[in-house]
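Asks: Task: produce atomic coordinates for the following.
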Amino acid sequence: MTQNPATAKVALVTGCSGFIGYHLCVRLLAAGWQVVGVDSLSDYYDVTLKQRRQDMLTAHDRFQVVNAAIETPNLLMDLFKTHRPSAVFHLAAQAGVRHSIDAPRSYLTSNIDGTFELLEAARAYPPQHILLASTSSVYGANTAMPYRETDRADHQVSFYAASKKAVEMMAHSYAHLYDLPVTAFRFFTVYGPWGRPDMAPMKFAKAILAGQPIDVYNHGDMQRDFTYIDDLIEAIMRLIPAVPQRPAMGAVPMAGDSLSPVAPFRVVNIGNSHPLRLLDFIAAMEQALGAKAQRNLLPMQAGDVAATWADTTLLQRLTGYAPSTDIGAGLAAFADWYRGYRPNT
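Replies: Numbering: from 1, shown residues only. Here you go, the predicted model:
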C-alpha cells in the first residue's frame, strides 16, 4: 500500500492490534483513511485475542500491518519514509501497573526505546500531528481531584507510570527542537468489547460466570473514572485537527490550557469525568451479566492508587466533545460481546 505522499490521507498506528489500537483503526478506516499498523503481538496477554483483532482489520483493503517491535532499529524510519503519514497515533507500549513491578525492563525497551525510534522517524519525515497515548497513572501520588492537565505530575508510584511520563517529556523535547506538533492524551480506565484480559472487566466477567471469587483490592474502597472505548475513540478522532501550535514569543497560554510555552505540545485528559466506586462498578457488572459476584477482599496492591478522576474541560474546549457513556450501558455492551467471545477463549 504505497500512496502518493502529496494526496494520501495516511495514518500510522503503533499498537494496532491492541484494545485501543484496534478500535481506533476501525474508526479511521470507516472515515476513509489509509492505515499502516505496527504491532509486535507480544505475549503479555493472549496473543490469540490480538490476532483475532488483527484479522478483522486485515479484511480491509486500506489496512496494512507490520508485525514487529517498534524498538527495532530503522523499522519506523522505513515506514515513515515509505508512507509519509500525515497523522501518527502512538499507542504501542508495555502496559500494566502491576506487571511493571515484575518485569520493568520490558517497559524500558518498548516504552522508552520504542518512542525514541518513533520520534527520530518523525523528525526525519514530519507528520502533521502526532497523537501519543499516555495514562492517568502519571498523576501518581497527586491527591487533588479532579486531575487537571496543568497539575504537576512529578510523583509516579509505578515504573509503568514513570515510563509514560518519560515518554511525554521525550516528545516535548522533540516538539520544541524540531517543531513537531504533539498531543499526549492521558486516558482513564478504558473498558469495552475486545478489551484486555488483564483488566478488571474481563477478569471479573470470567470469574463471575464461572462461579469463582473476584479479587477486590483495598477492600473495595477505590474509585475509577471508567471510560467507555467508543468515547475514547471519538475523543481521539476529534483531536486530530486540534493541532498544537508553538506559542508566539512571550505568549501566555489561555487559562486551563496545557499547551507548552515553548513547543507545539499539549496534554489532554480523556475520561468520563464521573468517578465510580469499585463496589458500584461490580454491582453494574453483576447486572449486566445477570449473576452475582463472590468478593475476595484484599489490601491495596503496590503501585496502585485509590482513586482517579479526570477534569475534561480542556478536551471539551478543544473539540466540543465530552465522554458520557453510562456505566450500565457500557457494561451491557461489554457483556453482550463477552458472551459471544467467551466460548472461544
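Asks: ok, which stretches of the stretch 151-300 of the chain are strands?
Replies: Using DSSP state E, counting those that start in this stretch, the strands of the stretch 151-300 of the chain run over residues 182-187, 190-191, 213-216, 223-224, 227-228, 265-270, 276-277, 294-297.
Asks: Mind putting these into a markdown table with mean neighbour count?
Replies: In this view, the C-beta of every residue, glycine as well, is placed from N, C-alpha and C. Below are the strands of the stretch 151-300 of the chain laid out as a markdown table (neighbours: other C-beta atoms under 10 Å):
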| stretch | mean neighbour count |
| --- | --- |
| strand 182-187 | 25 |
| strand 190-191 | 24 |
| strand 213-216 | 16 |
| strand 223-224 | 20 |
| strand 227-228 | 26 |
| strand 265-270 | 26 |
| strand 276-277 | 16 |
| strand 294-297 | 12 |
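Asks: right, so of those strands, which gets closest to L49?
Replies: strand 190-191 (14.9 Å; C-beta to C-beta).
Asks: for the closest one, the distance to its chain's centre please.
Replies: Mean-position distance between strand 190-191 and its chain equals 9 Å (C-alpha atoms, centre = their mean, to the nearest Å).
Asks: got the residue ranges for the helices in this structure?
Replies: 19-30, 47-58, 75-83, 99-102, 104-107, 114-124, 159-178, 200-209, 229-239, 278-289, 313-319, 327-341 (DSSP state H).
Asks: mean pLDDT for those helices: which is lowest?
Replies: With a mean of 78, helix 99-102 has the lowest mean pLDDT of those.
Asks: For that helix, buried residues please.
Replies: Judged by neighbour count (16 or more other C-beta atoms under 10 Å), helix 99-102 contains these buried residues: H99, S100.
Asks: what's the answer for stretch 170-178, then?
Replies: M170, A171, H172, Y174, A175, H176.
Asks: which residues sit in contact with H129?
Replies: In this structure, H129 makes contact with S86, A87, V88, P181, V182, T183, I240, V243, judged by C-beta atoms under 8 Å, 6 or more residues apart in numbering.
Asks: how about JSON lines for these, with distance to Y107 and pLDDT added?
Replies: Putting these into JSON lines (distance: C-beta to C-beta, whole Å; pLDDT from 0 to 100) gives the following:
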{"residue": "S86", "distance to Y107": "29", "pLDDT": "98"}
{"residue": "A87", "distance to Y107": "26", "pLDDT": "98"}
{"residue": "V88", "distance to Y107": "21", "pLDDT": "98"}
{"residue": "P181", "distance to Y107": "26", "pLDDT": "98"}
{"residue": "V182", "distance to Y107": "20", "pLDDT": "98"}
{"residue": "T183", "distance to Y107": "22", "pLDDT": "98"}
{"residue": "I240", "distance to Y107": "28", "pLDDT": "98"}
{"residue": "V243", "distance to Y107": "29", "pLDDT": "97"}
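Asks: Closest one to A335 out of those residues, please.
Replies: Nearest member of the contacts of H129 to A335, counting by C-beta to C-beta, is I240, at 31.0 Å.
Asks: gap between the closest one and G192?
Replies: Using C-beta to C-beta, to the nearest Å, we find I240 at a distance of 21 Å from G192.
Asks: Just want to know which of those two has more residues nearby.
Replies: Taking other C-beta atoms under 10 Å, I240 and G192 do not tie; G192 has more neighbours (23 against 19).
Asks: I'd assumed A335 was in contact with the more buried one.
Replies: No. Using C-beta atoms under 8 Å, G192 and A335 do not qualify as a contacting pair, with a distance of 10.7 Å.
Asks: Go ahead and flag the most central residue of this structure.
Replies: A133 (4.8 Å; C-alpha atoms, centre = their mean).
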